[in-house]
Every structure is written in C-alpha cells, then in structure tokens.
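Chemist: how would this look folded up:
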Amino acid sequence: MNASLIFSPLAEGAGAPPRQQQLLTRFKQAILDGQLPAGGKLPSSRSLCEELRVSRNTVLAVYEQLIAEGYAQADRQGTRVAALAHAQHSARASVARTGSGRQSRRVATMMPTRDAGDRSLPLTPGMPALNRFPIHAWLRAQERALKQAPPLVLGYGDPLGEPALREAIAQYLRVARGVRCEASQVVVTEGAQGALSLCVRLFANPGETAWMEDPGYGGVRAAFHAGDLKIVAMPVDAGGILIPERAWRTRPARLIHVTPSHQYPTGAVLSLARRLELIAQARQAGSWIIEDDYDSEFRHRGHPVPAMQGLLPEAPVLYVGTFSKTMFPALRIGFLVLPESAGEGAYPALAELLRGGHRLEQLALAEFIAGGQFSRHLGRMRRLYRERQQALREALDRHLAVEHEVQGGDSGLHLTVRLPLAYEDTVISAASRAAGMNVGALSSFSALRRQAANNGLVIGYGNTSEEQFAPLIRRLAGIVRANG
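Modeler: Residues are numbered from 1 along each chain as shown. Here you go, the predicted structure:
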C-alpha cells in the first residue's frame, strides 16, 4: 500500500474542507483508482490518527462510512478494501471512455440549430420586452391564488393542468384565436417545447416521417429527432409552407409542423387556399398537423389571422401555444389543444405521462387572465411592438447600405433581413454578439444551410427600445460591410 498516499498531511486553514471529509474523499478516490487494491488492509485507526494528527473518532467515522458505502469491509483482522468490479481502472478514465459512446443515436444526430448567445442583449429574436411586464399585477395574482388555494394545492394536481387555467385558456382561444375547443381538450405543458414533445409521444411512432418548414423552428427538429422520426424539410415561400403534390405519395407524413399565422422565421402567412388544401390532404393521408401559434397575438397590420384549427370542424390539427412571448419566458407554461376525436383515446396515456405540478403558477395565470390583466397587457404590448418594428425598419432603411430584403413585418417580435451570399450570415451573427448584439443567422434555421434562399439575419425588436435601433443598426451595418 502506498503510505504517502494515505499519510500525506491534510489541508488546513481557512476554506479547507473538514478533515473527516478530506480523509473520506482520499480513501474513496484511491480505491476507485485502484491505488488501494482489493483485499488490502487499511491502516489501524490508532496509527492513522497519530500520523495525521486527527482524533481517533474521526478515523473511526471515516472507516464506518467506507464500510457503509461498500468501499471496505471489516473482519477480525481489521478493515480491508472491498473487491470492486472496476477498482483496477481509473474512475476518470472510465468516464472518458463511456461519456459519448453510450449516448443514444438520436443525440448524435441532433444538429445545433442556433447559438443563442446572451438573450439579454438587444436585437434578440423572440425576446419580449421584459421591463414592460406588469410585475405588480402578476404579484397580486400570485398572492390571490395563494390565499384562495387550499392546502391540497401543494400536492400533485390534475395531470392535464389546473381546471381553472384550462377553462381560461379555452375561453381566450375561442374569442381571440377562433379555436374550436372546450376546457376538456386543453392540456397544460412545460412551454411550447413540452407540447411539441407530447405531440410526438402521443401521435407518432419511431421511424415514421415528419415534415417541417424550412427554414423553421429548431425546437421542433429537436422534438422530432427525440422521437426517432424521419424529418423531411419542406420549403417556405411568401405564401407559407409549400408541399409538393408528389410528397403526399412518396413520403407521406405522420406529423406536419407549421407556423401558419406567422411563419418562423420568415414571417410569411400561410394562405387560406394552402390551409384548406393542407387540412384536406392530411385527412386523406391520416396525418396530424401541428399548428404552432407561438406569437400570433402581436399582429401589427389589420386584424389577427384566425387559427387554422378553427377553419373546419374536427380538423386533424394539434394546436400548440405558449405564454413565453405574451407573458415572460421563465413562466414555462404552454398548452396543447387536442381534437375531440383524439382526446378520449389520449387521456389514459396523458395520466401516465404527466404529473400535475406548478399549480400555484397555473392558478395565478388563470387569475391574471380572468381578471382582465392579460388582455390589457397584450393591448399595451401590441402598440409597443408595432412602434418598435417601425423604428427598426426605418433604421435598416437608413443605415444598412447593402443589398437586402426585409421580410416579416406584419406580426411578431422580429424581422428577417435576407442578404446576398457574399455576406456570410453565421460570421455576421457571431460578430454581432461580440459587438453587444444578439442577431440570429437565417441559415441556422434551415436544413439546407447557406443557400441564396436562406442567407440573412433574424433581428429581434421586442427587447430593444426605439432610441437604440439607429446606433445598433449602424454598428451592424459596419459588421456586414466588413464581412462582405
């Protein structure tokens, strides 16, 4: 046995861990690394306490803990190192060997879709104006929910979500989005990503095909990959997702993800003709359409475009929404509206897959909606984002003196600026972060990566005040010119 390994002095002084903890860690690491071989006898407690100048009780406590955790065993002759299957190997080497090799194939095939950077930076796509959120009204809603909630609310709740919130969501969607639903069809989820994952788990089998928009939302690609689905990218033009007729015959999809009211990230609105055609084809093919209605409330021109789900009775549409844009991202509350025909068969599975949690937050949100605070907040934010979007357009027009095309100004929290291929969007995006902005690269949203159709910048205006746009876009324009 290596005496220096055991008898070397323990650390002392301010900030040093307790001696018992140091000694225990020393023995455990030496055993795992194979430096103390199986069957080897540990020093007597008396000799160890004399060498290390610790109390005998400290040494005895360490040996008892080693025995309790299976590192050592006691017999009549003393305390010996237990026989461990991998004790002859270094624990660190073992971790290095097994870390990546044992990951699932789906993890290896997931491509990074974005470099989020610092989301507190200006021009971050999809980030709302957090400093304009009515925090005091939200605190009052939380206080009322807490006061009115019985003690049982601290336990598990309904797996589908708090009934009060499901009713408030259903009422809001019927009025504001034209969604055909009752509270019984609403499932509260961990944000929109939770709803997307639930769609995959409930309605698709590994190996089946899923279609998504290209460019499109990276989160749905991750959800499809996690479900072992075969992903087919469908192009997007000014009229939204464009599905070739032959695709229905040669590569029919089980799931089809669309953002029809405000395509992400191009801003296109799916035309009525394509909506009706998509519903009809999906019915015939036995497909499910996932309608991701992520920021449709922020329509800057005319009236909001109604949800596709409400166009026809019993459309094969799984309607997904979130409060991350309308409230704040950290709330992590989204929802899934199931068709009546699908809900009854899915409820037993939902009861097993989900556990009712975040009950106080859900009750507070129900109170916030029912009390009118949610509608008032949306009204204020629509006006604010309309003004910020216009200010960003003016700054781009005035200061971005290179060939470009601005898209997506009718809704949402961002604009898309298409650029010629000579201006590499990923390089510009990285440089913008270094310069204190968080501009996205359009090509990062596309499976096709950099091509003439998907090279550009995704610029957020939700979290950026009007007076910031001119100096920020001047700085960004310099970055663009330097990388052209």
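Chemist: residue ranges with poor pLDDT in the stretch 301-450 of the chain?
Modeler: In the prediction, the stretch 301-450 of the chain carries residues with pLDDT under 70 at positions 448-450.
Chemist: Which residue ranges of it form helices?
Modeler: Remark: helices assigned in the stretch 301-450 of the chain by DSSP state H, counting those that start in this stretch are 340-353, 359-370, 373-399, 425-434.
Chemist: Go through the third one and flag the buried ones.
Modeler: For helix 373-399, the neighbour count (16 or more other C-beta atoms under 10 Å) marks 373-374, 377-378, 381, 384-385, 388-389, 391-392, 395-396, 399 as buried. C-betas here are computed from N, CA, C, even on glycine.
Chemist: Pull out the buried positions in the lengthiest strand in the chain.
Modeler: Scanning the chain for the strand with the most residues, using DSSP state E, yields strand 230-237. For strand 230-237, the neighbour count (16+ other C-beta under 10 Å) marks 231, 232, 234, 236 as buried.
Chemist: Now do the contacts for the third one.
Modeler: With contact taken as C-beta atoms under 8 Å, 6 or more residues apart in numbering, residue 234 is in contact with 211, 212, 213, 214, 241, 242, 243, 247.
Chemist: let's see 6 Å
Modeler: 211, 241, 243 (C-beta atoms under 6 Å, 6 or more residues apart in numbering).
Chemist: thinking again about what came up before, looking at the buried residues of helix 373-399, which one is closest to residue 169?
Modeler: residue 374 (10.4 Å; C-beta to C-beta).
Chemist: how about the strands of the chain, start to end?
Modeler: Under the criterion DSSP E, the chain contains strands at 72-75, 78-81, 186-189, 209-214, 230-237, 240-241, 255-258, 288-292, 317-322, 334-337, 405-407, 414-418, 440-441, 456-460.
Chemist: who touches the first one?
Modeler: Yep, that's strand 72-75 we're talking about. Against strand 72-75 from outside (C-beta under 6 Å, 6+ apart): 66, 67, 79, 80, 81, 82.
Chemist: buried sites along that strand?
Modeler: Buried residues in strand 72-75, defined by neighbour count with 16+ other C-beta under 10 Å: residue 72.
Chemist: who does it pair up with?
Modeler: Looking at strand 72-75 with DSSP bridges, its partner strands are strand 78-81 (antiparallel).
Chemist: Is there a quick PyMOL command that grabs whichever of the contacts of residue 234 are buried?
Modeler: To isolate the buried subset of these in PyMOL, counting by 16+ other C-beta under 10 Å, use the following:
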select buried, resi 211+241+243
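Chemist: Include pLDDT when you put the contacts of residue 234 into TSV, please.
Modeler: Converted to TSV, the contacts of residue 234 look like this (pLDDT from 0 to 100):
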residue	pLDDT
211	98
241	96
243	96
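Chemist: So which of the helices of the stretch 301-450 of the chain is nearest residue 71?
Modeler: Of the helices of the stretch 301-450 of the chain, nearest to residue 71 by C-beta to C-beta is helix 340-353, at 38.7 Å.
Chemist: For the stretch 151-300 of the chain, just list every one of the helices.
Modeler: Under DSSP H, counting those that start in this stretch, the stretch 151-300 of the chain gives helices at 163-172, 191-203, 218-226, 245-250, 272-285.
Chemist: Redo these as CSV? Include mean neighbour count.
Modeler: Converted to CSV, the helices of the stretch 151-300 of the chain look like this (neighbours: other C-beta atoms under 10 Å):
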stretch, mean neighbour count
helix 163-172, 20
helix 191-203, 22
helix 218-226, 22
helix 245-250, 11
helix 272-285, 16
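Chemist: Dump the ones you listed to a markdown table, plus distance to residue 458 and mean pLDDT.
Modeler: Shown next, in a markdown table, are the helices of the stretch 151-300 of the chain (distance: least, C-beta to C-beta, whole Å; pLDDT from 0 to 100):
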| stretch | distance to residue 458 | mean pLDDT |
| --- | --- | --- |
| helix 163-172 | 28 | 97 |
| helix 191-203 | 18 | 96 |
| helix 218-226 | 12 | 94 |
| helix 245-250 | 27 | 95 |
| helix 272-285 | 23 | 96 |
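Chemist: hmm, back to that, now the strands of the chain as TSV including distance to residue 425?
Modeler: Formatted as TSV, the strands of the chain follow (distance: least, C-beta to C-beta, whole Å):
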stretch	distance to residue 425
strand 72-75	59
strand 78-81	59
strand 186-189	32
strand 209-214	15
strand 230-237	17
strand 240-241	22
strand 255-258	23
strand 288-292	23
strand 317-322	26
strand 334-337	29
strand 405-407	13
strand 414-418	9
strand 440-441	4
strand 456-460	6
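Chemist: Kindly state which of these is positioned closest to residue 426.
Modeler: strand 440-441 (4.5 Å).
Chemist: ok so, going back, average model confidence for the longest strand of the chain?
Modeler: Here strand 230-237 scores 95 as its mean pLDDT.
Chemist: distance between it and the chain's centre?
Modeler: 21 Å (C-alpha atoms, centre = their mean, to the nearest Å).
Chemist: Next: stretch 173-183.
Modeler: On C-alpha atoms, centre = their mean, the centre of stretch 173-183 falls 25 Å from the chain's centre.
Chemist: Who are the contact partners of residue 301?
Modeler: residue 410.
Chemist: For it, give its distance to residue 262.
Modeler: For residue 301, the distance to residue 262 (C-beta to C-beta, to the nearest Å) stands at 12 Å.
Chemist: again with residue 18
Modeler: 58 Å.
Chemist: And residue 23, by the same measure?
Modeler: For residue 23, the distance to residue 262 - C-beta to C-beta - is 62 Å.
Chemist: what's the answer for residue 220, then?
Modeler: Distance from residue 220 to residue 262, by C-beta to C-beta: 15 Å.
Chemist: quick one: which of residue 23 and residue 262 has more around it?
Modeler: A direct count of neighbours by other C-beta atoms under 10 Å for residue 23 and residue 262 places residue 262 higher, at 28 against 23.
Chemist: if I pick the most centrally placed residue in the chain, what's in contact with it?
Modeler: Computing the C-alpha centroid of the chain and ranking residues by C-alpha atoms, centre = their mean puts residue 193 first, at 5.7 Å. Applying C-beta under 6 Å, 6+ apart, we find residue 193 in contact with residue 219.
Chemist: how about 7 Å then?
Modeler: 219, 223 (C-beta atoms under 7 Å, 6 or more residues apart in numbering).
Chemist: The chain should start at 473 in everything you say after this.
Modeler: OK, 473 is where the count begins now, so the last one is residue 665.
Chemist: Just the closest of the buried residues of helix 845-871 to residue 896, please.
Modeler: Of the buried residues of helix 845-871, the one sitting nearest to residue 896 (C-beta to C-beta) turns out to be residue 868, at 18.9 Å.
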